[in-house]
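**Q** just need the structure, nothing else, for what follows:
(chains A and B)
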Amino acid sequence: MKLKWVLLSVMITISAVLTGCEPLMVLDPKGPQAARQASDIMMSIGIMSFIVIVVFSLLAFMLIKYRASKQSEDYEPPYIEGNIWVEAICVGIPILIVAFLSVVSVRSNYIVEATPEGYEHKEPLVIYASSSNWKWHFSYPEQGIETVNYLYIPTDRALEFKLYSHGPITSFWIPQLGGQKYAMADMVTTLHLAADEAGEYMGRNANFSGKGFAENIFEVTAMPEQEFEDWVEEVKDTASPITEAKFNELLEPGHLGRMTFTGTHLEFSPAPEHNHGAGNSSQDNEHHDEEEHSDHSGH
Amino acid sequence: MEFFQRFAIPHPSPAIYASMVAIVLTMIAIVVGVTYFKKWGYLWREWLTTVDHKRIGIMYLISALLMLFRGGADAIMMRAQLAAPENTLLDAQHYNEIFTTHGVVMIIFMAMPFIMALMNFVVPLQIGARDVAFPRLNALSFWLFFMGAMLFNISFVVGGSPDAGWTSYFPLAGNEFSTSVGTNYYMIAIQIAGIGTLITGINFLVTILKMRAPGMTLMRMPMFTWSALITNLIIVFAFPVLTIALLMGTMDRLFGTHFFTLDNGGMDMLWANLFWIWGHPEVYILILPAFGVYSEVISTFSRRNLYGYTSMVASMVVISLLSFTVWVHHFFTMGQGALTNSIFSITTMAIAVPTGVKIFNWLLTMWRGKIVVTTPMLYSLLFIPLFTIGGVTGVMLGMSAADYQYHNTMFLVAHFHMVIIPGVVFAMLAGLTYWWPKMFGFMLNEKLGKAAAWVIAAGTLLAFMPMFFTGLDGQARRMYTYSETAGYTTGNMISFVGAAILAIGFVIIVYNIYYSFRYAPRNIGSDPWDARSLEWATHSPVPDYNFAVTPQVESREAFWDAKKKGHVLFKEELKKIHMPNSSGVPFIMSALFFVFGFGFIFSIWPLVIISGIGIFACMAHRSFEKDDGFYIPVEEVKETEEKLGGAK
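**A** From the prediction side, this is the model:
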């Protein structure tokens, strides 16, 4: 019996230590989408803690009050079929909680699937992010440049990531800017993000994609728009153009460091666009055309 | 030589060579041991050919415990690898193989047979039947499962383990990215075991619907039997989807079709959809029987009837329906848009309502009860708070916009382990301890049992609570390593300690089985827990024919009311008892399935053809065989009853 209290106190200490650490990445948002998600998470933790406390206290009450050792030898527990009102409460309150959470959830869905709030005044910057084993290729069609394994983005402008994969399903994730979305080989998905603050953020593939998965990460640097323009100019002056041969070489399985090119691979190897998941809220699961995609035959 | 090269391990290591030697030595030891003690005849007559639901249940139980240790060893290796940053205990390929086999073994080959073990043993007894509806089919179910499990388990020493995750998403699992035979093992072994499960589903549906004792209406069935009924209903609807998905995957890998491939119009997300249309109901196939166990245990040890019986049944029916409407929540991030996600978000969170009803009903069963904390009850009492943590985090995951941040992270891993371990594993351990005396005629030691329960609960909390935090800090699941600067070190170290404590807990259980086998008293009577349902009305251990006389049921808690209100269960005179014959065909047919599967995995077509013919021959044999079973004469029944403590 003593062992049990030791274990309990160890557990409490550890959870206290863990929560005392520096802010967790997801709960330290640097963009409007991540902020919305973080506030949903904190709100749901609050409600769920209430439920947990109710259940724990009921359990403690039953255990303390109705232990056999607390009762007389000849106490015979009664037969209780159930009570319609008690059970109505047990159904009703969870329904109310779930209904409330559903409303929040649905509203958040439409918010994270649209251009971030407060950034509607400018055209979003479109970046194609495509994964290959085990790298990320970032194409900036507007600027006409391409990078590998690192991403420079302007603050004060919405970002529209067009995601697809040259191989297995991957998931594009920058926790501090917003949640992830899959990149797949036969369609392009759209992820809406924006960065409120300049800074460096971690980005990674979150979906298991084979041997090199753990190191399938990229660095994100957010900077004011002027700095971003300067960087684009610099790239255009210094980097060499990407060619089909060079790009096919990059697609070979393995890890690469940072790389920078002028031009984008989209010119000779276009993305498999079917207008899927393009942020329009309607059901967009119409059937795929059974067509060949040139970008798949590369390997 | 070329023929043999394909059986080599693509990615060997000393640990794998050591396992090979260990496996060969164990097999030699078993063969030598059985020969030395002259037990081949006993083994064949009493176990390999048995159609007795109790023995099949016990064989399921042994398999489940073995697989628990196989899957547990995988878990310990994973947690050890992640305990420190940049650890080199395992490389990426080994880590990938291990988390893949951990998932498959724990779900398909540990949790499923554990549930099958309890259902097989308990359900016919609870409904007062002599066996299941189709005893020989039941043996076939077990042997198919067993051969599937064995086939899957040889993968790591012959040809290489699957390494695409237990979800085995295409195109990663396709030929292009998984070149070894590992994923063939996944497709074929799960297929064989899955057919066994599907057959069980049909068998138990018929058993429960057609073979209940006179007077036991549906609404008088014990709650565990109700949960088994609903579970098998889900199995019958969900498993065909898995069968087809695995068939499509096999076709892609072996015969060049393009269901899930990158080119020629294949759709990778089709696999994900099919997998989870089976996979989510599968979660409820695991959890509902567990809920059934808790209902029995909590009611027995609160010395009270189950509160809200009707709403318990209703909530299970609602869960079974909802379980087929939520599969998209496993990939909210696939880009299907806000509307689709909203629908599946709501259906997902809705499941919390019937589940909550069950929690409150258990709490209210304790209300005004007389709670005795035995080992099974202790597991149930620990289950309620731990499962609540797992359950509410499930509701959080159900909020699709926030799920973009939880998906694929350790937060998710923490959630489903906090659901499955307290939900399923605790229930199975509770059920094991609870029905152990009925199975073997002696009780497990209470002191050791309670110690194990506490240690396992502590290990669970320590191992999985930190993952909620590292997940929110950006640690993705299935990463074989992380850098020191990532900040995941403390959390993962604690998880490792927790995993080690869990392992100690399971070792205590094994020791308890050994200790109790040696020292526990055998004169415990037929009702050591003062329980309430029919399985306790017959002797421990249970005679072949279960009940000498078919019981007649007048109320919901038949046995309790027989004890307290003087209902008479056994009214008839002893009669000769009709029993099914044993048969070696299920074992032989399943062994042929093993060869058939092995041939498929390595594309050895002559083997496939020969064993395929053998399988059809077994079925033909069954079709033309005349087997009317046999009768146990009245004198023999009388004799057995007197030996076991007097005919009732």
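
**Q** from here on, just use CA atoms for contacts and neighbour counts.
**A** Will do.

**Q** mind checking the SS state of residue A:222?
**A** When classified by DSSP: H, G, I helix; E, B strand; the rest coil, residue A:222 comes out as strand.

**Q** from residue B:382, how far out is residue B:461?
**A** Distance, residue B:461 to residue B:382, by C-alpha to C-alpha, to the nearest Å: 11 Å.

**Q** so between these two, which is more surrounded?
**A** Between residue B:461 and residue B:382, residue B:461 has the larger neighbour count (other C-alpha atoms under 10 Å in any protein chain shown), namely 21 against 18.

**Q** can you give me the helices in chain A?
**A** Assigned helices in chain A, in chain order: A:2-19, A:32-65, A:84-112, A:225-238, A:244-251 (criterion: DSSP state H).

**Q** can you put these in JSON lines and add mean neighbour count and distance to residue B:581?
**A** JSON lines is the format used below for those (neighbours: other C-alpha atoms under 10 Å in any protein chain shown; distance: least, C-alpha to C-alpha, whole Å):
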{"stretch": "helix A:2-19", "mean neighbour count": "12", "distance to residue B:581": "51"}
{"stretch": "helix A:32-65", "mean neighbour count": "18", "distance to residue B:581": "49"}
{"stretch": "helix A:84-112", "mean neighbour count": "17", "distance to residue B:581": "48"}
{"stretch": "helix A:225-238", "mean neighbour count": "14", "distance to residue B:581": "81"}
{"stretch": "helix A:244-251", "mean neighbour count": "14", "distance to residue B:581": "63"}
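
**Q** tabulate those (CSV), appending mean pLDDT and distance to residue A:118.
**A** Shown next, in CSV, are these (pLDDT from 0 to 100; distance: least, C-alpha to C-alpha, whole Å):
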stretch, mean pLDDT, distance to residue A:118
helix A:2-19, 61, 32
helix A:32-65, 95, 8
helix A:84-112, 94, 12
helix A:225-238, 95, 16
helix A:244-251, 95, 37
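
**Q** pretty sure residue B:363 is touching residue A:60, no?
**A** No: Residue B:363 is not in contact with residue A:60 according to C-alpha atoms under 8 Å; the separation is 9.8 Å.

**Q** give me the distance from the least confident helix or strand in chain B by mean pLDDT to the chain's centre.
**A** Within chain B, no helix or strand scores below helix B:2-5, which has a mean of 78 by mean pLDDT, DSSP states H and E. Helix B:2-5 sits 36 Å away from the centroid of its parent chain (C-alpha atoms, centre = their mean, to the nearest Å).

**Q** could I get the CA-only coordinates of the next helix or strand along the chain from that helix as CSV?
**A** Next in sequence after helix B:2-5, counting helices and strands by DSSP states H and E, comes helix B:14-36. Taking Å, rounded to 0.1, in the frame of the first residue of the first chain, the C-alpha atoms of helix B:14-36 are listed here in CSV:
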residue,chain,number,x,y,z
PRO,B,14,23.7,-9.6,-34.5
ALA,B,15,20.4,-9.4,-32.6
ILE,B,16,18.6,-11.0,-35.5
TYR,B,17,21.2,-13.8,-35.9
ALA,B,18,20.9,-14.4,-32.1
SER,B,19,17.1,-14.6,-32.5
MET,B,20,17.5,-17.2,-35.3
VAL,B,21,19.6,-19.4,-33.1
ALA,B,22,17.1,-18.9,-30.2
ILE,B,23,14.2,-19.9,-32.4
VAL,B,24,15.9,-23.0,-33.7
LEU,B,25,17.0,-24.0,-30.2
THR,B,26,13.5,-23.5,-28.8
MET,B,27,11.9,-25.6,-31.6
ILE,B,28,14.4,-28.4,-31.0
ALA,B,29,13.7,-28.2,-27.3
ILE,B,30,10.0,-28.4,-27.8
VAL,B,31,10.3,-31.4,-30.2
VAL,B,32,12.8,-33.2,-27.9
GLY,B,33,10.7,-32.4,-24.8
VAL,B,34,7.4,-33.7,-26.3
THR,B,35,9.1,-36.8,-27.6
TYR,B,36,10.9,-37.5,-24.4
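
**Q** residue B:624: neighbour count?
**A** 8.

**Q** ramachandran angles for it?
**A** Per-residue torsions, residue B:624: phi -100, psi 0 (degrees, to the nearest 10).

**Q** next: the one 3 residues further on.
**A** Main-chain dihedrals, residue B:627, degrees, to the nearest 10: phi -140, psi 100.

**Q** where in the stretch 351-500 of chain B is pLDDT low?
**A** Of all residues in the stretch 351-500 of chain B, none has pLDDT under 70.

**Q** can you pull out the strands in it?
**A** Applying DSSP state E, counting those that start in this stretch to the stretch 351-500 of chain B gives no strands.

**Q** which residues touch residue A:179?
**A** A:33-34, A:37, A:173, B:401-406 (C-alpha atoms under 8 Å, 6 or more residues apart in numbering or on different chains).

**Q** surely residue B:400 and residue B:328 touch.
**A** No: between residue B:400 and residue B:328 there is no contact under C-alpha under 8 Å: 10.1 Å.

**Q** now for these two: what residues contact both?
**A** Common contacts of residue B:400 and residue B:328, defined by C-alpha under 8 Å, 6+ apart, comprise residue B:341.

**Q** ok, these two, which is more surrounded?
**A** Neighbour totals were compared for residue B:400 and residue B:328, and residue B:400 leads with 31 against 21 (other C-alpha under 10 Å).

**Q** that one and chain A: what is the separation?
**A** 6 Å (C-alpha to the nearest C-alpha, to the nearest Å).

**Q** model confidence for the residue positioned nearest the centre of chain A, exactly?
**A** With distances taken as C-alpha atoms, centre = their mean, residue A:179 lies nearest the centre of chain A, 2.2 Å away. Note on residue A:179: pLDDT of 95.

**Q** got the buried residues for stretch A:250-261?
**A** Residues A:250-251, A:255, A:260-261 are the ones in stretch A:250-261 that count as buried (16 or more other C-alpha atoms under 10 Å in any protein chain shown).
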